[in-house]
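A.B. asks: quick one, structure for this:
(2 chains)
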Amino acid sequence: MTTLGDICAVALAECFRGDGEIMASGMGYLPSLGARLARATFEPGLVLTDGVATVLDAAGQPEWPMPYETVFDVLWWGRRHVIMGAAQIDAAGNQNISCIGPHTRPKVQLLGARGAPGNTVCHPTSYWVPRHSARIFVGAVDFVSGVGPSRGAHEIRRVVSNLGVFDFGGPDGCFRARSLHPGVTPDDVSRNTGFDVHFEDNPCVSRAPSSEEQAVLESLDPDGRIRGAVT
Amino acid sequence: MTTSGLPDKRMDTDAVIASLWSGMTLGIGGWGSRRKPMDLVRAIARSDLTDLTIVSYGGPDVGLLAAMGKLKRLITGFVTLDSIPLEPHYRVARQAGKLAVTELDEGMLQLGLRAAARRLPFLPTPAGLGSDVMRVNPELRTIRCPYTDAELVAVPALRLDAALLHVHRADVHGTAQVLGPDPYFDRWFALAADKVYLSTEAIGLDPDAPLSARLLHRMMVSGVVDAPGGAGFTECLPDYPRDEATQRRYAAGAKDPAAWQAFLEEWL
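C.D. replies: This next block holds a predicted model:
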């Protein structure tokens, strides 16, 4: 039986469709699983690391050294697509992983800007939000770590959450539902988003994995722990 | 001097601390909770040094020095313990409003070190444009490209008074090997700094390691401290993995003053 985790893994893999031979960086377990699923099926050219400092080929063998300095070379070169997390995403597609509240004295200190400013202006970026809520999808972020389209983003391709798949392709670049996961209604999304969401007349339902994709997911995540974390 | 005519740069930790001063700008190598020169950092924490400006891809080096009240300013792209994503001591200091931070994109930090290394006043990049890195650091300026008119951030050189780095092997003259898969930005820290002090897992180069593992040449290095286990609980592969149990105790101290005091007495 298809689980929500399977649906989200496929949606994250779909972020990379058409990317060809670029570095695919999935931050966190499920985005990484999505990248590996994409490479094992429709995007065989994707370049994936072991999460440390080595590119691994499809057989899991070391293919190339990729220390952080090389990651930045590839990042600035533009041949990379990252799926990041977000403490906040706003209506203009800006992302925050730095802090909640004023920067001089944050209410909550988070990671810091990390590579988000450079990632978002240099190459495609997508986001994974495991718990879609109005605390994360806010009108305006407290700190712009990753920039949205109106601030000069290269491309904010997708936002995948536990409710659906979104982008900023609505009228005037507004937040748009591309598909909703099975059983999710537009009202579910609207209630959990702190700004207006654009829905097409008949929102698509996010697709389930093909039998080939399901088999790949079972082999990459044999005990289902990564996919099972999505609720 | 040694028989080779080259200086023997071995020092002890106290001698390194004695060559540092309050108010200085200090770079610390490694990345997050990986290959941090924790023996040297703990020695700073024990010393009367204060008002330090630290440049670091931050981990427990930042958290400890923040908790001990040693910092005037932090220049960083992030602070993390890796397996514990948010550095709890750093959070406490920030949320108390006690620590000023120059928060940069990770790549901007690298370019600041590279600019200093090359003795340039700045290096240009699009990274940071449009982000609140520009808002919270009003001293950052942009420039217009003279060829295309494109706007770019002029990342100022991050010149360091000294850098502290931890390596796997070094000879007594300062040539150093990093045997793990990632040298991080240690070489840029070294070239950005007026003085470079290494702690090393062992004195003596590994003859079986490739020449490319020699990250630092003796001409870049001021002093070498023989410090087996000198990365503390941070990861120092292939010599040892992160000591997660000790890191958890370190982290737990941020929420429990009594446990923190007990931990410091034992560990510091």
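
A.B. asks: spatially nearest residue to the residue positioned nearest the centre of chain B (excluding sequence neighbours)?
C.D. replies: Central residue of chain B (Cα atoms, centre = their mean): residue B:28, 1.5 Å from the mean position. In this structure, residue B:28 finds its nearest non-sequential neighbour in residue B:56, 4.3 Å apart by Cβ to Cβ, 6 or more residues apart in numbering or on different chains. Placement of C-beta: from N, CA and C, glycine included.

A.B. asks: for the one you found, what are its contacts?
C.D. replies: Applying Cβ atoms under 8 Å, 6 or more residues apart in numbering or on different chains, we find residue B:56 in contact with B:27-28, B:30, B:62, B:74-76.

A.B. asks: next: residue A:179.
C.D. replies: Contacts of residue A:179 (Cβ under 8 Å, 6+ apart): A:11, A:164-165, A:203-207.

A.B. asks: next: residue B:244.
C.D. replies: B:83, B:233.

A.B. asks: can we see that at 6 Å?
C.D. replies: With contact set as Cβ atoms under 6 Å, 6 or more residues apart in numbering or on different chains, residue B:244 has no partners.

A.B. asks: give me the pLDDT for it.
C.D. replies: Reading off the confidence values, residue B:244 has pLDDT 98.

A.B. asks: now do the one 5 residues further on
C.D. replies: Each residue has a pLDDT score; the one for residue B:249 is 98.

A.B. asks: around chain A, pick out the residues from chain B.
C.D. replies: Selection of chain B residues close to chain A by Cβ under 6 Å from any Cβ of the partner chain yields B:77-78, B:91, B:94-95, B:97, B:103, B:105-107, B:126-133, B:136, B:181-182.

A.B. asks: switch to 7 Å and redo it
C.D. replies: Listed as neighbours of chain A in chain B under the rule Cβ under 7 Å from any Cβ of the partner chain: B:31, B:76-80, B:85-86, B:90-91, B:94-95, B:97, B:103-107, B:110, B:126-133, B:136, B:181-185.

A.B. asks: now the buried members of those.
C.D. replies: B:31, B:76-80, B:86, B:90-91, B:94-95, B:103-107, B:110, B:126-133, B:136, B:182-185 (16 or more other Cβ atoms under 10 Å in any protein chain shown).

A.B. asks: out of the residues you listed, which are inside helices?
C.D. replies: B:90-91, B:94-95, B:106-107, B:110, B:132-133, B:136 (DSSP state H).

A.B. asks: can you add pLDDT and give these back as a markdown table?
C.D. replies: Listed next are these as a markdown table, based on pLDDT from 0 to 100:
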| residue | pLDDT |
| --- | --- |
| B:90 | 98 |
| B:91 | 98 |
| B:94 | 98 |
| B:95 | 98 |
| B:106 | 98 |
| B:107 | 98 |
| B:110 | 98 |
| B:132 | 98 |
| B:133 | 98 |
| B:136 | 98 |
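
A.B. asks: those: which two are farthest apart?
C.D. replies: B:95 and B:110 (27.5 Å; Cβ to Cβ).

A.B. asks: domain ranges for chain B?
C.D. replies: Per automatic domain parsing, the domain ranges recorded for chain B read B:13-121+B:158-267, B:122-156.

A.B. asks: ok, so of the contacts of residue B:56, who is nearest residue A:120?
C.D. replies: residue B:76 (19.0 Å).

A.B. asks: quickly list what the closest one is bridged to.
C.D. replies: The bridge-partner assignment for residue B:76, based on DSSP bridges, gives residue B:103.

A.B. asks: just the ones of the contacts of residue B:56 in strands?
C.D. replies: If you go by DSSP state E, these have B:27-28, B:74-76 in strands.

A.B. asks: so which of these comes closest to chain A?
C.D. replies: residue B:76 (6.3 Å; Cβ to the nearest Cβ).

A.B. asks: for residue B:4, see how far away that closest one is.
C.D. replies: 39 Å (Cβ to Cβ, to the nearest Å).

A.B. asks: residue contacts, residue A:110?
C.D. replies: Contact analysis of residue A:110 by Cβ atoms under 7 Å, 6 or more residues apart in numbering or on different chains lists A:87, A:97-99, B:86.

A.B. asks: hmm, 6 Å instead?
C.D. replies: Here residue A:110 is in contact with A:87, A:97-99 (Cβ under 6 Å, 6+ apart).

A.B. asks: now, which of those sits nearest chain B?
C.D. replies: Of these, the one sitting nearest to chain B (Cβ to the nearest Cβ) turns out to be residue A:98, at 6.5 Å.

A.B. asks: residues near the closest one, how many?
C.D. replies: 30 (other Cβ atoms under 10 Å in any protein chain shown).

A.B. asks: pull the contacting residues for it.
C.D. replies: A:110, A:112-113, A:143, A:145.

A.B. asks: identify the residue spatially nearest to the residue nearest the centre of chain A, adjacent ones excluded.
C.D. replies: Central residue of chain A (Cα atoms, centre = their mean): residue A:127, 2.9 Å from the mean position. Computed as Cβ to Cβ, 6+ apart, the closest residue to residue A:127 that is not its neighbour in sequence is residue A:159, at 4.7 Å.
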